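> sharing a sequence plus its predicted fold:
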Amino acid sequence: MLEIAENGRTWLLSGPTSSYAVHVTEDHELLHLHWGPRIALADAEALAVRPLPDYWPFESPLDGREEYPVEGGPRFTRPALSVRTDERRGTEWRFEAYDTEGDLLRLRFRDAGLLVTLHYRIRDDVVERWVTLDNQGPASLELLRADSATWTLPDRDGWRLSQLHGRWAAESRLTSSPLTYGEKVIGSRRGHTGHQHLPWVALDTDATEERGEVYGCALGWSGSWRIAVAQLPDARVQITGGAGYDDSGLLRLAAGESYTTPVFAGLWSDGGFGGASRVWHAYQRTYVVPDAERDRPVLFNSWEATEFDISEEQQATLARQAATIGVELFVVDDGWFGARTSDRAGLGDWRPNPDRFPGGLQPLADYVHALGMQFGIWVEPEMVNPDSELYRAHPDWVQYQPGRKRTELRNQLVLNLARRDVQDYLWEQLDALLSSAPIDYVKWDFNRCFTDAGWPGEEYPQRLWVDHVNALYALLDRLRAAHPGVAFESCSGGGGRIDLGVLSRTDQVWTSDNTDPLDRLAIQHGFSQIHPARVMAAWVTDSPNTQLNGRVSSLRFRFVSAMAGVLGVGGDLAQWTEDELAEAREWVELYKKIRPLVQHGDLYRLRPPRGGLSAVQYVRGDESVVLAWLQAQHHGEPVPALRLRGLDPTASYECLETGEIHRGAVLLHHGLRTGLRGDLDAAVLRLRRI
C-alpha cells in the first residue's frame, strides 16, 4: 500500500507487517524517516517535522539520515551516486516531482541535464528500490558510481552483521559478527556474482531463529557488485549497494542515454532469521522466479558418470537406467559439441559432435522422451577455447588488453558479450540449437572469472562490466520468449552466479560443485537464509565422493540431504548395485510425495548443521515434512528431541511413516529414533493433520 501526505512531500509504503517512509524537505533534501513495524501516515508526517541535529562544522546533519546520499555538498558519508562531467564532479540536485503507477512510487530529482529517478515498490514486506539516470543534457557524463539504494537502520545498540561467504565448493557459509565503527565491504570484482559472497546481508541486535527484529538486504545483479555496511561516527548504520566494485568508472552516458540500476531489495521482520527467510522465499516464489508455481522435476545429470567420454549409445544406456529409478529429466552435460573431448577445445562451437551424435541431438532427445523423461543439455555460451572454430575466426571477440598476454583459466577465454556481433552470434547459435531438437532444459554454465577485461578500440572500455551482464539478461529473456517450454539453470562452477537478478530469468541454480552430502548441509543452511528450496538444485552422487574428498556416506544420507531442495542424481548408475537402484527408486518415489512441501512450503530450520543432529521442516497447509541428519553421535547418547514449528498447537498430526500421533506443539523424537540409526544417518518424516 502507498500513501502520500497532502503536501506531496512525505510518502509511506506499507506491507502486511512493516512500513517504509521518506520525506523531501523544502531545501530539496530527501530524508529517510522510518523502516520497521507498520505505522500510519500521520506517524510518518510527525517524523518528517523533526529538526535535523546541529553537528557542524566537523560532522554533517545529513549523514546517516539521507535516503540516497549523493557526492557533493555538505556530506561526508559514502555517496550512492558519483557523477563527473568535463566541467565538474558531484551532484547538486533539486526535487522536481513525483508520480505513481499502481503500487510504484517514482521520485524525480534534477541536476542540470541529469534526471535522477528513485523507484520504490513494496511487495508484501519486501521493499524494492532502484534508480534510473537519464542524461537529458547536451554533453556526455560519466557515472563513477550509481548504487541502487542506501538503507538506513534505526538507532540501536549492538548491531550484529550476518553474511554469506565462501569459495569454490564451499559456498554460502553463514557467519555473524558484531558491527563496529567504520565500513564492512563485501562484493565481487570478478565479473560474476562470485563464490566468495552472496549479495545479501542481515542485521540484528538480539534475534534468534524465530524471534526478534531482523533487517535484510539483497542485490539483484549477476556481475561485479559491492555492498558496504557502515557504522557512522554517531553510531547510525547505513547499507549501500549496487553494480560494480570500484569507483573508477561504471558507465559513460551520451546525451539522450539512460542507465537503470539493478534492484536492491530489503525487508524488516520481527520473526527472527527464520521469519525473514520465509518472507524472502515467498517473495521470490511469487515475484522473482519464473513459473515458480510449477514443481521442478527430478533430474539425472551424466557428468560424473561419463565426464568428456560420451556417445549417443552410452547416454541412451544411462537414460534407461535413470528412467527405472523414476527420474523425470535427463541431462547430457559437457562434451556433446564441437571438438569437445576435453576442456581444451570446442567452447564456442555449439553444434553436436558428428562422431558422437551423427544424427544430431534429436534421436537421443526423442529416445529420452519415449522413456517418459524430459531432455536437457549443458552449455557455456559466454566462453571460448582458443582451440575452436569460433576463436580462429574471431580472436578479437574476447576480452583482452592490447599488448598483454591473454590469460587462460580452465583453457578458456571470456567472450566480450558487450559487443553486438557477439550477442548476435550467440543468439543465432543457441536459437538454432534449441530449434534443432526437443530440448526441455539448459544448464547454463560460467566457469571462469574476468581477468583481462579489456575492449580494444572501444572509447569507454569499462562499460563491458555492466554491458556484459545486461547482454546476458537480454539473451536469456530472448531465448525464453522464443522457446517458452525450455527451463534454464544458472551455474558458475557451482554457486558462482546466484542472485535475484539471474533468478528472475532462470528456473533453478546449481548450488555448489560440492555434492558431498555432509558438506552440503552447511552450504544449504546458508543458502536458505535468502533463497528458497524451489531453486536449490542438489544431487545424489557416488560414494566414496571421488570428485572432492573421498568421504563415504550411506545412500540414505545422500538422498535425504539432496531432498532438501530440487532433487537430482549425478552418480554413475551403471556402477550401482541392484539393491542400490531399488533403494534409489524408493527415495525418488518418496521425494515426489513430499516435493510440493519442500519446493513450495514454508521452511523452518529446526537445528543448524553444527555436528550432532540437524533438521529442517517444511510446512504447507495441513501437511509437513521433517528432514533430519545425524552427523555424529556418542555411544549410548539418545537422539535429541525436536520441537516442530509452523503447526497448529491445538491439532493432532499423524506421522505417516510410523503411524504415531503427535500434538502440534510437542517435541518429536520417537519417530526420529525409528529413522536415525548410528553415525551419519538420516530420516524423513511426513506429518498430516487429522
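That came through fine.
> residues in contact with the most centrally placed residue in the chain?
Geometric centre of the chain, nearest residue: Asp499, 2.6 Å, by C-alpha atoms, centre = their mean. By C-beta atoms under 8 Å, 6 or more residues apart in numbering, Asp499 lies in contact with 193, 198-199, 218-222. Using the backbone N, CA and C atoms, a C-beta is placed for each residue, glycine as well.
> using CSV, lay out those together with pLDDT.
Listed next are the contacts of Asp499 as CSV, based on pLDDT from 0 to 100:
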residue, pLDDT
Thr193, 98
Leu198, 98
Pro199, 98
Ala218, 98
Leu219, 98
Gly220, 98
Trp221, 98
Ser222, 98
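> with secondary structure, neighbour count and distance to Leu133 added, can I get those residues in TSV?
Below are those laid out as TSV (DSSP: H, G, I helix; E, B strand; the rest coil; neighbours: other C-beta atoms under 10 Å; distance: C-beta to C-beta, whole Å):
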residue	secondary structure	neighbour count	distance to Leu133
Thr193	coil	28	23
Leu198	strand	28	26
Pro199	strand	29	21
Ala218	strand	25	22
Leu219	strand	28	17
Gly220	coil	22	17
Trp221	coil	27	16
Ser222	coil	34	20
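> closest one to Ala628 out of those, please.
Leu198 (25.6 Å; C-beta to C-beta).
> residues touching the closest residue to the closest one other than its chain neighbours, list them.
Spatially, and ignoring its direct neighbours in sequence, Leu198 is nearest to Leu164 (4.2 Å; C-beta to C-beta, 6 or more residues apart in numbering). Neighbouring residues of Leu164 by C-beta under 8 Å, 6+ apart: 171-175, 197-198, 200, 526-527, 529-530.
> which parts of stretch 419-431 are buried?
Buried residues in stretch 419-431, counted by 16 or more other C-beta atoms under 10 Å: 419, 422-423, 425-427, 429-430.
> picking that back up, tell me the two of the contacts of Asp499 that are most distant?
Farthest pair in those, by C-beta to C-beta: Ala218 and Ser222, 12.8 Å.
> for the contacts of Asp499, which one is nearest Tyr55?
Leu219 (30.3 Å).
> list the residues that contact the closest residue to the closest one other than its chain neighbours.
Counting by C-beta to C-beta, 6+ apart, Leu219 lies nearest to Pro199, which is 3.8 Å off, once chain neighbours are set aside. Shown in contact with Pro199 (C-beta under 8 Å, 6+ apart): 187, 193, 218-221, 225, 227, 241, 499-500.
> what does Thr10 give?
Contacts of Thr10 (C-beta under 8 Å, 6+ apart): 4, 21-23, 33, 41, 44-45, 48.
> and those residues, which are buried?
Buried among those (16+ other C-beta under 10 Å): 21-23, 33, 41, 44-45, 48.
> for Tyr367, state which of the residues you listed is nearest.
Looking across those and measuring by C-beta to C-beta, the closest to Tyr367 is Val22, at 58.8 Å.
> sorry, back to before: and of the buried residues of stretch 419-431, the nearest to Ser148?
Once C-beta to C-beta is applied, the member of the buried residues of stretch 419-431 that ends up nearest Ser148 is Gln423, at 24.4 Å.
> does the spatially closest residue to the closest one that is not a sequence neighbour count as helix, strand or coil?
Using C-beta to C-beta, 6+ apart and skipping residues adjacent in sequence, the residue nearest Gln423 is Ala471, 5.3 Å away. Under DSSP: H, G, I helix; E, B strand; the rest coil, Ala471 falls in the helix class.
> which residues touch Ala471?
Here Ala471 is in contact with 417-418, 422-423 (C-beta under 8 Å, 6+ apart).
> how far away is Arg344 from Gly256?
Going from Arg344 to Gly256 by C-beta to C-beta, to the nearest Å gives 45 Å.
> settle it for me: which of those two has more neighbours?
The residue with more neighbours, out of Arg344 and Gly256, is Arg344; 17 against 11, by other C-beta atoms under 10 Å.
> got the contact list for that one?
Arg344 neighbours (C-beta under 8 Å, 6+ apart): 385, 387, 411.
> top of these by neighbour count?
Asn385 (25 neighbours).
> sorry, back to before: output the contacts of Leu164 as JSON lines; include the columns secondary structure.
Putting the contacts of Leu164 into JSON lines (three-state DSSP) gives the following:
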{"residue": "Glu171", "secondary structure": "coil"}
{"residue": "Ser172", "secondary structure": "coil"}
{"residue": "Arg173", "secondary structure": "strand"}
{"residue": "Leu174", "secondary structure": "strand"}
{"residue": "Thr175", "secondary structure": "strand"}
{"residue": "His197", "secondary structure": "strand"}
{"residue": "Leu198", "secondary structure": "strand"}
{"residue": "Trp200", "secondary structure": "strand"}
{"residue": "Gly526", "secondary structure": "helix"}
{"residue": "Phe527", "secondary structure": "helix"}
{"residue": "Gln529", "secondary structure": "coil"}
{"residue": "Ile530", "secondary structure": "coil"}
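> which one of the residues you listed is nearest to Glu29?
Trp200 (29.5 Å).
> for the closest one, grab the count of nearby residues.
Count around Trp200 with other C-beta under 10 Å applied: 25.
> pairing partners for whichever strand or helix holds Ser176, with directions?
Secondary structure assignment for Ser176, by DSSP states H and E: strand 173-178. Partners of strand 173-178 in the sheet, by DSSP bridges, are strand 160-165 (antiparallel).
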